[in-house]
Structures are given as structure tokens and as C-alpha cells.
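> Model the structure of this input:
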Amino acid sequence: QVQVVESGGGLAQAGGSLRLSCAASGRTFRSYAMGWFRQAPGKEREFVAAISWSGGNSYYADSVKGRFTISRGNVKNTVHLQMNSLEPDDTAVYYCAAGNNMEGPYDYWGQGTQVTVSS
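The predicted model follows:
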């Protein structure tokens, strides 16, 4: 069993920054690719960013490219999402996920952390 836990959500003003963190623990015998997704009220969940198990590759949704940065932490199966130049449209519940491939599918999901950006 693998547990995924996000942290770091909260309230920010437009133009501000937040940093999300995620850790996958439990039966993590290997390093997983990890990704961030988000779901705004009334909308479907959408992809935000993903990083390979080694950290050597990453990719982003066009809507966050140049503003968000995904990186792997020093501890195995941890990942961070640095969010800069936040916009009200970034308001959503952000979910972290772990899987075998950066492109998905993702096998393990966190419960989500709320990010609210005020204008």
C-alpha cells in the first residue's frame, strides 16, 4: 500500500506564490514518476505538471508553463510544485499522484490540498 500526502496549500493573492509538497510513503520499493493535477469547482480534473522518477524529465500544462516548476525532493518519492505569478484561475484543489510513467496512468493519489488565489 502506498500513501500520498500533499501539503502547502492555502490562500494567496494574485501575483503571489505558493509551494506545494507531496510525499509518497508505504510500500515504495522503487522511485515513482509523480504528477500534479487540479480540479476547480464545477470543472473536471486537469493535468498540471509531471516529473519522471529520476527527475530528469518534466512537462507542464500550457496554462502553467513558465509560472509553475515541479521538482523532486531530496527524499525518495517526494515532489514539490513551486507556483509563481498565481492567477485567480489557479484556484482549485491540487492533487498529487504517483505512478510508473510520467505520462500516466497514475496508480496512487492524495486527498488534495486547496489553493485559493484572490484577485
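> low pLDDT regions in the chain?
For the chain, no stretch has pLDDT under 70.
> again, only using 90
Where the chain drops to pLDDT under 90, the residues are 1, 25-31, 73-76, 104.
> Would you mind measuring from Gly55 to Met34?
Distance, Gly55 to Met34, using Cβ to Cβ, to the nearest Å: 10 Å. Just so you know, the C-beta spots here come from the backbone N, C-alpha and C atoms, and that holds for glycine as well.
> repeat for Gly56
Where Met34 is concerned, Gly56 sits at a distance of 13 Å (Cβ to Cβ).
> Those two: which has the busier surroundings?
More neighbours surround Met34 than the other of Gly56 and Met34, with 31 against 8 (other Cβ atoms under 10 Å).
> Leaving out chain neighbours, which residue sits closest to the more buried one?
Among residues not flanking Met34 along the chain, Val79 sits closest, at 4.3 Å (Cβ to Cβ, 6 or more residues apart in numbering).
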